[in-house]
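Got a sequence here, can you model it:
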Amino acid sequence: KKTPEAGAVEALWRELRRCYADEDLAIQAITQNPQIINPVYTNPPSIISRSKSMLLEKMDEDRAIRIMLKNPAVLQCGSTLKNQSAE
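Next comes the predicted model:
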């Protein structure tokens with residue numbers, strides 16, 4: 001039987017894989033910042049895709065992925081990224 005925490009971690013992992021569109025890149029992000037799949041710090045899981053959407057409003061996919069790999073915690077920011085510059 002899964003604990004609620006395990007289910008939340010699995011939901012975050014699915015969202016992260018979808019966001020990076022590459023399992024190896026998602027693993028690289030988790031290796032760099034394990035808190036990205038900790039439901040205490042990243043909640044709800046949809047904040048990951050909302051954060052990426054905000055990045056894509058300001059830059060192309062390649063640049064967004066580079067930023068997400070450099071600092072995976074950016075995927076915990078959600079709509080607050082809307083007010084940030086692309087620089």
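
Identify each buried residue in whichever strand or helix holds R17, please.
For R17, the host element (DSSP states H and E) is helix 4-20. Buried residues in helix 4-20, defined by neighbour count with 16 or more other Cβ atoms under 10 Å: A8, V9, A11, L12, W13, E15, L16, R17, C19, Y20. Just so you know, the C-beta spots here come from the backbone N, C-alpha and C atoms, and that holds for glycine as well.

need those residues in JSON lines with pLDDT and distance to N38, can you?
Formatted as JSON lines, these follow (pLDDT from 0 to 100; distance: Cβ to Cβ, whole Å):
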{"residue": "A8", "pLDDT": "93", "distance to N38": "9"}
{"residue": "V9", "pLDDT": "94", "distance to N38": "7"}
{"residue": "A11", "pLDDT": "96", "distance to N38": "12"}
{"residue": "L12", "pLDDT": "97", "distance to N38": "8"}
{"residue": "W13", "pLDDT": "97", "distance to N38": "11"}
{"residue": "E15", "pLDDT": "97", "distance to N38": "13"}
{"residue": "L16", "pLDDT": "97", "distance to N38": "12"}
{"residue": "R17", "pLDDT": "97", "distance to N38": "16"}
{"residue": "C19", "pLDDT": "96", "distance to N38": "16"}
{"residue": "Y20", "pLDDT": "97", "distance to N38": "17"}
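
Per-residue pLDDT of the residue lying closest to V9 once chain neighbours are set aside, please?
Spatial nearest neighbour of V9, excluding adjacent residues (Cβ to Cβ, 6 or more residues apart in numbering): I37 at 5.5 Å. Note on I37: pLDDT of 94.

The closest residue to E5 other than its chain neighbours: what's it in contact with?
Using Cβ to Cβ, 6+ apart and skipping the chain neighbours, the partner closest in space to E5 is P39 (6.4 Å). Remark: with contacts taken as Cβ atoms under 8 Å, 6 or more residues apart in numbering, P39 is in contact with E5, A8, V9, L12, P45.

What backbone torsions are found at P39?
phi -60, psi -20 (degrees, to the nearest 10).
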